[in-house]
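Participant: Can you look at this prediction? I've put the sequence above it.
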Amino acid sequence: MSEHGSMSFPLPASALTKLTRPGGEPIRALVVDDEPALADLMRMGLELTGWKIAVAHDGQSALKIARAFHPDVVVLDVMMPGMDGVELLGRLRTIYPDIPALFLTAKDAVADRLTGLHAGGDDYVTKPFSMEEVLLRLHRIVQRAGVTAPNWAQLTVGDLTLERDTRQVSRAGTEMTLTSTEFELLQFLMENPRHVLSKTRILDRVWDYDFGGQSNIVELYISYLRKKIDADREPMIHTVRGAGYVIKPCR
């Protein structure tokens, strides 16, 4: 046991749900805190869920480790000597622009929590914390960020959910009706979150035959999807000029 948290088990079943990268490799988390006991507690808790963990105790070491480790998510203490967690996240995102982050903050430091969230943090946990809460929050963060292997029955990217069996689609709890082709196109995008898909790949997968080079059909259906998925909301479907289309969660 540590003053910072509890290693009480068993954890809730949802906390121990096995998550992997799309290729089946373990999720990689970088934990950065200048208190070795807390960082070690975090490492042990996450390793129990099958994740691969790297630990750093200062910002400069974290940057060096991140370049070689390629983390999927980072856990950062807001208050660290030298480079604090907010500055570190900004520098990490020059290397990995979309990496999600969980901030650790002092119990009563409301300003720290707001600063972390305004700086792009996805969530925060206050000290002292329970490992159960940390694990649950990190699992939700990586699932929302689209870095995990897709579940066969359901795909989730940010606040967008697609049910394969019932063919239901909803965003932030609001259901929407898609045509068969729109559904297949969205499913392909959501199976490959953050990955740019070319028009050729989309044609091969969604239409499954040679469309005579008429790739404008992809543009047309992307526009249909945007009107339903992104209407009056922050956009999730993006055009990468000269390369194709990508879907990714909003920040």
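Facilitator: Looks like it arrived, so ask away.
Participant: most centrally placed residue in this structure?
Facilitator: By CA atoms, centre = their mean, the chain has its centre lying nearest to residue 145, at 1.9 Å.
Participant: can you give me how far stretch 162-182 is from the chain middle?
Facilitator: Mean-position distance between stretch 162-182 and its chain equals 21 Å (CA atoms, centre = their mean, to the nearest Å).
Participant: Domain-wise, how is the protein divided?
Facilitator: 28-145, 154-247 (the TED database).
Participant: What sits closest to residue 69 if chain neighbours are left out?
Facilitator: In space, and not counting its chain neighbours, residue 69 is closest to residue 54: 4.6 Å by CB to CB, 6 or more residues apart in numbering. Quick note: C-beta positions are derived from backbone N, CA and C, even for glycine.
Participant: Please name the strands paired to the helix or strand where that neighbour lies in the sheet, noting orientation.
Facilitator: Here residue 54 sits within strand 52-56, counting by DSSP states H and E. When pairing is defined by DSSP bridges, strand 52-56 lines up against strand 28-32 (parallel).
Participant: If you count contacts, what does whichever helix or strand comes after the partner strand end up packed against?
Facilitator: Following strand 28-32 in sequence order, the next helix or strand is helix 36-47 (DSSP H and E). Packing contacts for helix 36-47, counted by 3 or more CB pairs under 8 Å, 6 or more residues apart in numbering; DSSP states H and E, involve strand 28-32, strand 52-56, helix 131-145.
Participant: Contacts only, for the residue nearest to the centre of the chain.
Facilitator: 72-73, 98, 100, 122, 158, 249 (CB atoms under 8 Å, 6 or more residues apart in numbering).
Participant: any idea how far residue 55 is from residue 241?
Facilitator: 39 Å (CB to CB, to the nearest Å).
Participant: Looking at those two now, which is surrounded by more residues?
Facilitator: More crowded of residue 55 and residue 241, by other CB atoms under 10 Å: residue 55, with 18 against 5.
Participant: Would you confirm that that one contacts residue 39?
Facilitator: Yes. With contacts counted by CB atoms under 8 Å, residue 55 reaches residue 39, the gap being 4.8 Å.
Participant: Model confidence for residue 151, exactly?
Facilitator: At residue 151, the pLDDT value in this model is 55.
Participant: ok, back up a step: any idea which of the domains of the chain is most buried?
Facilitator: domain 28-145 (a mean of 18; mean count of other CB atoms under 10 Å).
Participant: mean confidence for it?
Facilitator: 86.
Participant: Checking residue 184 next. Helix, strand or coil?
Facilitator: helix (DSSP: H, G, I helix; E, B strand; the rest coil).
Participant: follow-up on the earlier one: residues shared between the contacts of residue 55 and residue 39?
Facilitator: With CB under 8 Å, 6+ apart as the test, residue 55 and residue 39 both reach 31-32.
Participant: Show the residue spans covered by the strands in the stretch 151-251 of the chain.
Facilitator: 154-157, 160-163, 168-171, 174-176, 237-240, 244-247 (DSSP state E, counting those that start in this stretch).
Participant: if I look at the residue nearest to residue 163 when sequence neighbours are not counted, how far off is residue 42?
Facilitator: The shortest distance from residue 163 to any non-neighbouring residue, by CB to CB, 6+ apart, is to residue 154 (5.6 Å). The gap separating residue 154 from residue 42 is 28 Å, by CB to CB.
Participant: swap in residue 124?
Facilitator: In terms of CB to CB, residue 124 sits 14 Å off from residue 42.
Participant: how about low-confidence regions in the stretch 151-251 of the chain?
Facilitator: 151-152, 208-215, 251 (pLDDT under 70).
Participant: rewinding a little: for the residue nearest to residue 163, give me its contacts.
Facilitator: Residue 154 touches 161-164, counting by CB under 8 Å, 6+ apart.
Participant: again, but for residue 188
Facilitator: Residue 188 sits in contact with 197, 202, 205-206, where contact means CB under 8 Å, 6+ apart.
Participant: Among the residues you listed, which are located in helices?
Facilitator: Using DSSP state H, the members of those that fall within helices are residue 202.
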